[in-house]
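**Student:** curious how this folds, go ahead:
(chains A and B)
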Amino acid sequence: MPLVILLLLLGGALGVLLRRQRVAPGPAGAPGDRPLRMLRWATGLVPADRADWGLAMLGELDRIEGRAERRRFVLGCLGAVALLPQRRWAVGPMVGLAVVALGGLAVFEASFVRFGLGTAPFNWVMLGLLVALLAGLVLAVSVWLRQPGVAGPGLVGGLFDLAVWTALSGFTFGRLLGPTTMPRFLAMLLVPSVVGVYSTMRSRSSVVGRRAARLAGVVGGLGTFLLSTVAVLVLHGGPRDPGASVSSGVSEALAVVGMASLLVLPLAAAIIGWAASAATARLRPA
Amino acid sequence: MARERAPSAQTIRVLSALAAEPSRWRYGYELTAEVRLKSGSLYPLLVRLADRGLLETSWEQGPAGRPPRHLYRLTASGRRYAAAIDDAGVVRMSPAAPVGLRNA
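**Tutor:** Purely as a prediction, here's the structure:
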């Protein structure tokens, strides 16, 4: 685990360095206040066929005075960006991923009610954190799926990631819950890198590459979450210390599975994909 | 045959506001204040109305160096739709919009 954290930190630092070298300073005299920065960032997530609505929000913000009122307007717009009607083709994958997320959550909560988590006395805090993570990931997916050039590589990469993980686990629940082996670790590094490099080269945009890598990480994470929670239930927590009860085995495994699938995997994919796409954009500028 | 869903209370409020002065172009921020909807609810609703051909949009160029503003008003279909909703009495059923379109 320390090696994983070290690699993630190094990948993140490399991405930051490469990105800083590429980012040009903003135009002189730009207001650059926080609501405007937030709205510019959010409207950058609006799909191309809805871009005029993002510009409409920016145009309105320009005429709104008062910090509190601007902040309120922008917070609403952040929600609007997430809720803008989906393209027809993106509805299927979105519904599929929502079903996977809800399925994982249902299995997880059923286990939680029966066994609790291995984080007493903070079980409810931990559960709240995991539910918030899950909701955030689904929301992020709904935004990324509408980005041109992001959905295809992101979905394929995520499913490939999941397929590699399950294949390297020998398609058995026992090895899925076992310790991370070197091949699985390498797959965790390679898949987001490939997605980031491919998407950046194809779209000639490191932004697209980063988003595709993040989407792949989240898709893989959600799939792993569902499979792992089912595995925990089926195997009653999987391998555990001698003398440990089933209840403690299940609860500890649930806590590990939740954090690994919903936090570590997506975060690792985001950082690695970020570094890979930034490096690709630097080596092969548009 | 596709069955048309009843419009939401929020949709009715926006239609009501737009139908009050159908020829006048409206700003998004102005509409949020008038119908007391947050921007997070208003914009997705405007997008859906525009997708259905009930709302037309235009741009108003601002002074140099400032972004243009998006403008909205009902199309002819939108006006007919708003009138049909009023005739059906949907507005009176909505607690959020107690005033009929014709009276708005």
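
**Student:** am I right that B:His70 is in a helix?
**Tutor:** No. Counting by DSSP: H, G, I helix; E, B strand; the rest coil, B:His70 is not part of a helix but strand.

**Student:** ok, now which ones touch it?
**Tutor:** B:His70 sits next to A:Asp52, A:Trp53, A:Leu55, A:Ala56, A:Gly59, A:Glu60, B:Tyr27, B:Gly28, B:Thr57, B:Ser58, B:Trp59, B:Glu60 when contact means Cβ atoms under 8 Å, 6 or more residues apart in numbering or on different chains. Where C-beta positions appear, they are placed from N, C-alpha and C, glycine not excepted.

**Student:** mind redoing it with 7 Å?
**Tutor:** By Cβ atoms under 7 Å, 6 or more residues apart in numbering or on different chains, B:His70 lies in contact with A:Ala56, A:Gly59, B:Gly28, B:Thr57, B:Trp59.

**Student:** give the buried subset of the residues you listed as a ChimeraX selection command.
**Tutor:** The ChimeraX selection below is limited to those of these classed as buried (16 or more other Cβ atoms under 10 Å in any protein chain shown):
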select /A:56,59 /B:28,57
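
**Student:** phi first, then psi, for B:Thr57.
**Tutor:** phi -130, psi 160 (degrees, to the nearest 10).

**Student:** hmm, back to that, now, the contacts of B:His70 that are in strands?
**Tutor:** Judged by DSSP state E, the subset of the contacts of B:His70 located in strands is B:Thr57, B:Trp59.

**Student:** from the contacts of B:His70, which single one is nearest A:Gly154?
**Tutor:** Among these, A:Ala56 lies closest to A:Gly154 (Cβ to Cβ), at 27.2 Å.

**Student:** now the closest one: closest residue in space, sequence neighbours ignored.
**Tutor:** B:His70 (3.3 Å; Cβ to Cβ, 6 or more residues apart in numbering or on different chains).

**Student:** and that neighbour, how far from B:Pro63?
**Tutor:** With the distance defined as Cβ to Cβ, to the nearest Å, B:His70 ends up 16 Å from B:Pro63.

**Student:** how about the strands of the chain, start to end?
**Tutor:** Here I'm looking at chain A. Under DSSP E, chain A gives no strands.

**Student:** please go with chain B instead
**Tutor:** B:26-27, B:55-60, B:69-74.

**Student:** among those, which comes closest to A:Met188?
**Tutor:** strand B:69-74 (43.9 Å).

**Student:** what's the angle between the closest one and strand B:55-60?
**Tutor:** Here strand B:69-74 runs at an angle of 150 degrees relative to strand B:55-60 (axes from the mean of the first three to the mean of the last three Cα atoms, to 10 degrees).

**Student:** buried sites along strand B:69-74?
**Tutor:** Under the neighbour-count criterion of 16+ other Cβ under 10 Å, strand B:69-74 has B:Arg69, B:His70, B:Leu71, B:Tyr72, B:Arg73, B:Leu74 buried.

**Student:** then stretch A:36-47?
**Tutor:** By neighbour count with 16+ other Cβ under 10 Å, stretch A:36-47 contains the buried residues A:Leu36, A:Met38, A:Leu39, A:Arg40, A:Ala42, A:Thr43, A:Leu45, A:Val46, A:Pro47.
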